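> quick one: sequence and predicted model below, then my questions.
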Amino acid sequence: MEFVAKGMGTLIQKLQFELFSAQKQNGDESYFLWVIKRFVKLAVLEQVSFESVKTVLAVPTFSLVTFLAVASCEQLMLLQRKNADASPHEKILKLAVAALHDMLWTVEYFMTEKKRALKQQDKEYLLNLHAELSSMEDIRQMFLLLIRLYQPHLQNLDYLKKLIITNHSYILMLQKATPTGNFDMLHHIKQFATEEVMQHYGRLLETFTENVPAVNECIFTMMHHIAGPCEKPESLLQINILKTFSEISHHQYPLNEDASDLVEYILKIFERLAERDPYHCAQQLLKMKEDEPGSPESESDQTESLDSHWSDEDVDILFMTYTEHESDPNLVDKIVEALEDHGISKTRCEVTNQLTHLGLLADQSMNLIDVIGGGSSVETTDSEISTDDASLVQDTAAILNRCVKKLEGKGHQVHLAWLQRVLLEVCYIKLGGKKIYGKVEEPILYFYVAQDKSVPVIPFSGAQEAILQDKAFRCLLLSLGIYLPEEGWQLYPRIPHFWNAENLFSKAKSLGTIPKGILKFHPDDIQSGKSDQLSSVESEPSMSTSLQGYKLTDGSTKRSQSNSNISSALWMAFVQQCNLERSKIGMGGISRKMEQNSTSSDSSLNMRVGQVD
């Protein structure tokens, strides 16, 4: 216990530093997370002082754990698609969720059970921590992402249980926090009101009789708000949920009033639907069951998507056809035909994306026109962007504006605003973030910037994931210069790491008027020389709750390598050049030709549940 009282906080701080220090980016994330999981809650149970855990209950720790959870989730999904060993990332993900659970539990414990025993300065510290954690969109959206991507055939119920409980605890924290910014609790809860997410809640409810009461309370509370304030009872009309509700009703298990009303309400809705149109009702339920993650159909779909990857032979054919028809205006069609001659089926969009990834499309206009006119992985019923408007292809800004108008016409303003917020947050971080302006940074974005890596545009909700497959939105990303995901390497689009604050702000403005109140900095600072002032950091971990406590890869402040006056076309050339450099690895003889090509490219709600343990 002497270690818990005197050494735990120091050890965790040093482990944080080891993970992101200049010379030692080889730290073991799982050990860092295990120490938190093992000792933080133990410290409370052994009645150690708040001072002993204060350095752990800090924004940097919560932020790093959040970042590790989401980064591991992406790697886990990628490795599973390759049928490779994903157990290290699965372990990190489980430990991260468990660590967040214990940290939130400890914060709540000191703010309630031990509040009277705390010093005034410690009370103020906890209130400030409470407010900052509640203001971080990345944390609340992370829970949505992890629950949505839960895989029952690979991840156990204990993980799902911990995830749902921790999400519940965080929502309770959101409810208690003083409302800040533009956060809308009802809007947040509505994101959970999907068949996909409720299916996982229903899966945990199947073990209703084995669950402790607090776990069932978490499930029923979320479902109650989905069916009530969110007005989405249809998302609960699923076989596993209806079966459990029926058993609860039949055996008359004791429930609180809200849960009892919920069960009765959903069963009555189902009965009315079944009486009115039994065939349609059964069809919907069976369809949902067939689409369940892990089902044979789902696995078949995954296998089919994997077959679209590019083998070495595919790339060789693409490259040979490219060199033969490089100046042909129908280059993409020529490549598609050449691949078909060898029994390989690729769409124009897939060929265009691969050419971009290999850096072989130095002409941005060809890239954009092919994406606009190419195939899409989702069906669209409305008219697509015309490929006949050649005048627009010559002007990236005009193409971007056309994509924006197209998306607005389809009712996707909320997704444009989402992308705009991500760009503005990265801009804020590159301007110096909290150290300069006093407002906490979004943790996932912060740590990618701190490592000088391209920043992912993460689709936390199902709606965001769907829009990333929309043809107009993908065209928008390309016209902005954002990387599309590389097959087998990334799940999400990436904002180039070399963009500076001025460029990021310009891109954000091009998506529409920036609403008042969402900026964390003053626009004038973009022009006043404050761009890319990532704060200098100390050589040892500090006691500060700021996120600015970690060195970057070279031990100094990173600055963007791009020139803010470079045109949009040259930005695209830079993007292609970076893709080119990454694609050289493992390309064999092809890389020599690509090197030659690269030398010329740069010139062209009220949650009423008590504390859950």
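Happy to help now that I have it.

> quick one: contacts for D261?
H224 (CB atoms under 8 Å, 6 or more residues apart in numbering). Quick note: C-beta positions are derived from backbone N, CA and C, even for glycine.

> so it belongs to a helix, correct?
Yes. D261: assigned to a helix according to DSSP: H, G, I helix; E, B strand; the rest coil.

> show the pLDDT at it.
Turning to D261, the model gives it a pLDDT of 94.

> likewise F574?
45.

> over to V53?
V53 is assigned a pLDDT of 85 by the prediction.

> which secondary structure element contains it?
helix 50-54 (DSSP states H and E).

> can you list the buried residues in the next helix or strand after that helix?
From helix 50-54 onward toward the C-terminus, using DSSP H and E, the following helix or strand is helix 59-81. Within helix 59-81, the residues scored as buried using 16 or more other CB atoms under 10 Å are 59-76, 78-81.

> again, but for stretch 80-99
Those would be 80-81, 86, 89-99, for stretch 80-99 by 16+ other CB under 10 Å.

> which member of these is positioned nearest S169?
Set against S169, the nearest of the buried residues of stretch 80-99 by CB to CB is V97 (11.5 Å).

> CA atoms of stretch 40-54 as CSV?
Presented in CSV, the C-alpha positions along stretch 40-54 are these (Å, rounded to 0.1, in the frame of the first residue of the first chain):
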residue,chain,number,x,y,z
VAL,A,40,-6.6,3.4,-9.0
LYS,A,41,-9.7,1.8,-7.6
LEU,A,42,-7.6,-0.1,-5.0
ALA,A,43,-6.3,3.3,-3.8
VAL,A,44,-9.9,4.3,-3.0
LEU,A,45,-10.8,1.0,-1.4
GLU,A,46,-7.8,1.3,0.9
GLN,A,47,-8.8,4.9,1.9
VAL,A,48,-5.6,6.6,0.6
SER,A,49,-5.7,10.4,0.4
PHE,A,50,-6.9,12.3,-2.6
GLU,A,51,-3.4,13.7,-3.1
SER,A,52,-2.2,10.1,-3.9
VAL,A,53,-4.6,9.8,-6.9
LYS,A,54,-4.9,13.4,-7.9
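
> and it, how far out from the chain middle?
The chain centre lies 32 Å from the centre of stretch 40-54; the measure is CA atoms, centre = their mean, to the nearest Å.

> how about stretch 279-287?
32 Å.

> what average pLDDT does it get?
pLDDT averaged over stretch 279-287 gives 76.

> what lies in contact with it?
Residues from elsewhere that reach stretch 279-287 (CB under 8 Å, 6+ apart): L237, Q238, I239, L242, F270, L273, A274.

> for G409, grab the count of nearby residues.
G409 is flanked by 11 other residues according to other CB atoms under 10 Å.

> that one and S30, how far apart?
G409 sits 47 Å away from S30, going by CB to CB, to the nearest Å.

> what residue ranges in the stretch 1-150 of the chain score low on pLDDT?
Scanning the stretch 1-150 of the chain for pLDDT under 70 picks out the ranges 1-7, 21-27.

> cool, and the stretch 151-300 of the chain?
For the stretch 151-300 of the chain, the ranges with pLDDT under 70 are 178-182, 287-300.

> about what we covered before: closest to L104 out of the contacts of stretch 279-287?
L104 lies nearest to Q238 out of the contacts of stretch 279-287, by CB to CB, at 28.9 Å.

> how about the strands in this structure?
Under the criterion DSSP state E, the chain contains strands at 455-456, 494-495.

> most packed of those?
Ranked by average neighbour count under the criterion mean count of other CB atoms under 10 Å, the strands of the chain are headed by strand 455-456 at a mean of 24.

> state the mean pLDDT of that one.
pLDDT averaged over strand 455-456 gives 96.

> what comes into contact with that strand?
74, 422, 426, 444-445, 448-449, 490-495, 497.

> that older thread, make a markdown table out of the buried residues of stretch 80-99 and add distance to I344.
Below are those laid out as a markdown table (distance: CB to CB, whole Å):
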| residue | distance to I344 |
| --- | --- |
| Q80 | 25 |
| R81 | 20 |
| A86 | 28 |
| H89 | 31 |
| E90 | 33 |
| K91 | 38 |
| I92 | 37 |
| L93 | 35 |
| K94 | 39 |
| L95 | 42 |
| A96 | 40 |
| V97 | 41 |
| A98 | 45 |
| A99 | 46 |
